[in-house]
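Student: Next comes the sequence, and after it the predicted model I'd like to discuss.
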Amino acid sequence: MEVTVAANHELDLSGVPRLEEVEFHAVSRKYLRLRLGVWGGAQLLILAAAVAPAVAHVLTEDPEWAMLSQWWWPVGVQSVFALLWFLEEWKGFPRRGYAIRERDITYRTGWLFRTTTTVPFGMIQHSELVQGPVSRLLQIKNLRLFTAGGSGNLRIAGLDEEQAETLRAILETRTRKV
């Protein structure tokens, strides 16, 4: 019996478009307001938790609170993390966007921590539009794409309502063709 070995030729990648050359569609600027609001709320809660022992020490003059009066250490450390988080939100927002190509959808985010996720249309099982109470006030939605196996699920957050509906219709049309 003769065994034949299948050829495994190298692909020519010169004709494949680079993601950097693809036009990405931005998400709504209203989503930046939402993200900065979450950042601000979190910073206020953390600051209150850090300063509370110092305030308790001053108000009660209880020596037990004396060791916790060094509130400026955790506030200083938190300030560094707060600045990095703020920069990630502010400088990373212009990079946040999606691109639809012939066979897939790509979503990218981040400034310091960059993420680019590409999902082929053939892997998409179903989609879902999500809108919480704050998102409803801002008139933005999140589009969630669920993939076969669940390992490549994708969430595109901060889409204008009309933009989300249009994108979902495009994806449903594309996934039916595959």
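Tutor: Nice, thanks for sending it over.
Student: For this protein, which segments count as helices?
Tutor: With DSSP state H as the criterion, the chain has helices at 29-60, 72-92, 133-138, 161-177.
Student: check contacts around Q131.
Tutor: Contacts for Q131 (Cβ atoms under 8 Å, 6 or more residues apart in numbering) come out as 140-142, 161. All C-beta spots, glycine's among them, are computed from the backbone N, C-alpha and C.
Student: what's the pLDDT at the residue lying farthest from the centre of the chain?
Tutor: Going by Cα atoms, centre = their mean, the residue of the chain most distant from its centre is M1, 55.9 Å out. Confidence at M1, expressed as pLDDT, is 73.
Student: got it, and the one 5 residues further on?
Tutor: Per-residue confidence for A6 comes out at a pLDDT of 84.
Student: One more: G150?
Tutor: For G150, pLDDT reads 72.
Student: Same question for W71.
Tutor: 64.
Student: about what we covered before: by neighbours, which of the contacts of Q131 wins?
Tutor: Most neighbours among those, by other Cβ atoms under 10 Å: K141, with 27 neighbours.
Student: pretty sure that one contacts E162?
Tutor: No - K141 lies out of contact with E162 (Cβ atoms under 8 Å); the separation is 9.5 Å.
Student: Point out where the chain drops to low pLDDT.
Tutor: Applying pLDDT under 70 to the chain flags residues 62-71, 177-178.
Student: Nearest the middle, which residue of it would you pick?
Tutor: Note: the chain centre (Cα atoms, centre = their mean) maps to T109, 6.0 Å.
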